[in-house]
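Asks: what follows is a predicted protein model with its sequence.
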Amino acid sequence: MLYVIANETAGSGAGAAVFRRVCEMLREKGIPFRADTTEAPGHAARLADAAVRAGETEIVCLGGDGTISEIVNGLAGRFVTLYFVPCGTGNDFVRVLDLPKDPVEALAAQLSGTPGTIDVGMLNDRYFLNVSGSGFDVEVLRQAVRFRRFGKGLLPYLLGIFAALKNFRALPVEITLDGKTEKKDVTIFSVGNGCWFGGGMKAVPHARPDDGLFDVVIADQFTRPQILKMLMKFIPGKHTTLPGIREFRCSEITFRCPGMVLDVDGELIPMDEACYRILPAAARNDRDGPFRSLSFRRYVLCWIKIQRTKMRPEGGVNDGQRMGKTL
């Protein structure tokens, strides 16, 4: 039996209509299921924990990246088969699954797909599926929050970029890899199980969530003109060709920097030490084909559309979620 965990407020309320359509589709196909809707931040994690304790083996994640992150952390290493119904504002992780654009069709494709596995990342005692990191890109997200009062769409992000350029200082990090430690000032570091973050920016362009390894991208200390040049290439994932940027694969890596703030699957978390470890093939997912890559044009168009959506009034992934119900 499928167990559906639905965030009806995902995608500025789009999740409610998607949830109804998913229920109708499952009934029409004669697929047994039960479902609960989230009530508040953290509820998806509690529902996932209770489900696995009750013996559920197939969980449908209906919502955006925040909902998926909560469910993965609620499972806490007791991984099952996961199906994704993407209806959030960013849907960054599921881009790589090459699913149909319509969320209900995406679920149908997974239910009829070929069994496969997904790696899961660990950051200290936290689980993540997609991308984590720190540096200038995270500073832009922090600064953009300050400018939401000036309007919606791209404006807060553009203002955030200029504010970040003014205030940002390279991170003095200590990096431990393969038993060796080096100290380095960096502009950005990204650790990817998936490729995309921030609503369509291809931060870790060659990452695959089924190869048993992280892809890591580290940018040296850059000047402001160098940062601007990097940003022009960041959205389509062309930045790794620039001088001063390293890209490599590993199964474990640690970053230390007092006072740094990390983006972990879209959530900003302060910490002084970030210990990353990959859990190969820790979760299962059924899909029709291989992981994909998007064209430059589709990157830019998708990213612009998503940033406009993100600046709508609150009511997204974990805001004011509705009362739960069981079907």
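Replies: Happy to help now that I have it.
Asks: what sits against Val261?
Replies: 134, 138, 142, 268-271 (Cβ atoms under 8 Å, 6 or more residues apart in numbering). To be clear about C-beta, it is placed using only N, CA and C from the backbone, and glycine gets the same treatment.
Asks: now, those that are in strands?
Replies: 134, 268-270 (DSSP state E).
Asks: pick out whichever of those residues sits closest to Thr9.
Replies: Leu268 (20.0 Å; Cβ to Cβ).
Asks: pretty sure that closest one contacts Leu141?
Replies: Yes. With contact defined as Cβ atoms under 8 Å, Leu268 counts as touching Leu141 (6.7 Å).
Asks: compare these two (neighbour count), which wins?
Replies: Here Leu268 and Leu141 are compared on neighbour count by other Cβ atoms under 10 Å; more neighbours surround Leu141, at 17 against 13.
Asks: and the more buried one, what does it touch?
Replies: In this structure, Leu141 makes contact with 160, 198, 263, 268, judged by Cβ under 8 Å, 6+ apart.
Asks: for Gln226, same thing?
Replies: Gln226 touches Gly244, counting by Cβ under 8 Å, 6+ apart.
Asks: can you tell me the element it falls in?
Replies: Using DSSP states H and E, Gln226 sits within helix 224-234.
Asks: what is the orientation angle of the helix or strand just after that helix with helix 224-234?
Replies: The helix or strand immediately downstream of helix 224-234 is strand 245-250, counting by DSSP H and E. If you take axes from the mean of the first three to the mean of the last three Cα atoms, to 10 degrees, strand 245-250 sits at 50 degrees to helix 224-234.
Asks: roughly how far is strand 245-250 from the heart of the chain?
Replies: 20 Å (Cα atoms, centre = their mean, to the nearest Å).
Asks: check stretch 116-126 too.
Replies: Centroid displacement of stretch 116-126 relative to its chain, using Cα atoms, centre = their mean, is 12 Å.
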